[in-house]
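Enquirer: kindly generate the corresponding structure for this input.
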Amino acid sequence: MLLQWLSRHLAAYLSKEIAQHAVRTSTWEALVNTLQPGDVLLVEGNTRISVAIKYLTQSTWSHAALYLGQDSGLGSSANGEANVLVEADLEEGIRAVPLSLYRQAHTRICRPVGLGGRDRAQLASYACSRLGHQYDLKNVFDLARYLWPTPPVPSQHRHKLLTFGSGDPTRAICSTFIAEAFQQLRYPVLPIVRTVPSTDPDCEVCEIERYRVRHHSLFTPRDFDASPYFRIVKPSLEHDFDFRAIDWDNDPAER
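Expert: Numbering: from 1, shown residues only. Now for the predicted structure:
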């Protein structure tokens, strides 16, 4: 009971927003019109826990959400807006939220390639089945240790520190449950690839690649950005971008 009480209060503390200059890379309208069901939306968070995640992963991205779209059946938010994202929240667990939650955030769209309607339906079904599951609060204590400005962790080991956790399948952090959803489809994120000798009797020196699934607990938000199997989609370039139409401010005082 004491541990749960401490976890809840620590989660509330870590979820508090901190002052941060938001760098938006697209308009709201472009973001809305570009997202497609199955996309992974990465977010540069502005909470205390975001600081720890960005430090440990050496990445801009501290949060990930799965976009399921207007017809996903996720219900509506308190203000009546359709929920279109599924994410793992530190305090509320896996939940459905509207896109407007990240209207002012710096985001990136990572798009899986080649998904069909059945694949997207399977992603949605899995994500919906996880609604209500709790965030892995053991990770809360792990992350809280790295909120100092310069924690004494060598850079080559920081990424590994996010693999801590309870291992309880009813718990998740934001990126692990999304990675697990794609693994249900056998869709690669960052698989382990090894080369083995080919079985071709006519080529003794030939090799082939074998793919092995990484455990979903090893994934962080940046892995979707780094994955060669997710296309980075930039909303500003998707809708008839014309650099000649930019209204530049030529006031020399601003230079």
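
Enquirer: what about the strands in the stretch 51-200 of the chain?
Expert: Counting by DSSP state E, counting those that start in this stretch, the stretch 51-200 of the chain has strands at residues 63-67, 85-89, 93-97, 107-112, 134-135, 171-172, 192-197.

Enquirer: show me where the stretch 51-200 of the chain has its helices.
Expert: 117-129, 137-144, 155-158, 174-184 (DSSP state H, counting those that start in this stretch).

Enquirer: what mean pLDDT does the shortest one have?
Expert: The reference is to helix 155-158. The pLDDT scores in helix 155-158 average 53.

Enquirer: hmm, back to that, would you single out the least confident of the helices of the stretch 51-200 of the chain?
Expert: helix 155-158 (a mean of 53).

Enquirer: about what we covered before: so of the strands of the stretch 51-200 of the chain, which one's packed in deepest?
Expert: Comparing the strands of the stretch 51-200 of the chain by mean neighbour count (mean count of other CB atoms under 10 Å), strand 63-67 comes out on top with a mean of 26. C-beta: built from backbone N, CA, C; applies to glycine.

Enquirer: sorry, back to before: using JSON lines, lay out the strands of the stretch 51-200 of the chain together with mean pLDDT and distance to residue 238.
Expert: Shown next, in JSON lines, are the strands of the stretch 51-200 of the chain (pLDDT from 0 to 100; distance: least, CB to CB, whole Å):
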{"stretch": "strand 63-67", "mean pLDDT": "94", "distance to residue 238": "15"}
{"stretch": "strand 85-89", "mean pLDDT": "92", "distance to residue 238": "19"}
{"stretch": "strand 93-97", "mean pLDDT": "92", "distance to residue 238": "23"}
{"stretch": "strand 107-112", "mean pLDDT": "96", "distance to residue 238": "9"}
{"stretch": "strand 134-135", "mean pLDDT": "72", "distance to residue 238": "33"}
{"stretch": "strand 171-172", "mean pLDDT": "52", "distance to residue 238": "31"}
{"stretch": "strand 192-197", "mean pLDDT": "71", "distance to residue 238": "31"}
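
Enquirer: can you tell which of these is closest to residue 239?
Expert: strand 107-112 (13.2 Å; CB to CB).

Enquirer: who does the closest one pair up with?
Expert: The pairing partners recorded for strand 107-112 under DSSP bridges are strand 40-43 (antiparallel), strand 230-233 (antiparallel).

Enquirer: pick the most deeply packed of the ones you listed.
Expert: strand 40-43 (a mean of 25).

Enquirer: ok so, going back, how about the strands paired with strand 107-112 in TSV, adding distance to residue 88?
Expert: TSV is the format used below for the strands paired with strand 107-112 (distance: least, CB to CB, whole Å):
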stretch	distance to residue 88
strand 40-43	12
strand 230-233	19
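
Enquirer: coming back round to it: so for residue 241, which of the strands of the stretch 51-200 of the chain sits nearest?
Expert: Comparing these by CB to CB, strand 107-112 comes nearest, at 15.2 Å.

Enquirer: ok and that closest one relative to strand 63-67, angle-wise?
Expert: Counting by axes from the mean of the first three to the mean of the last three CA atoms, to 10 degrees, strand 107-112 lies at 50 degrees to strand 63-67.
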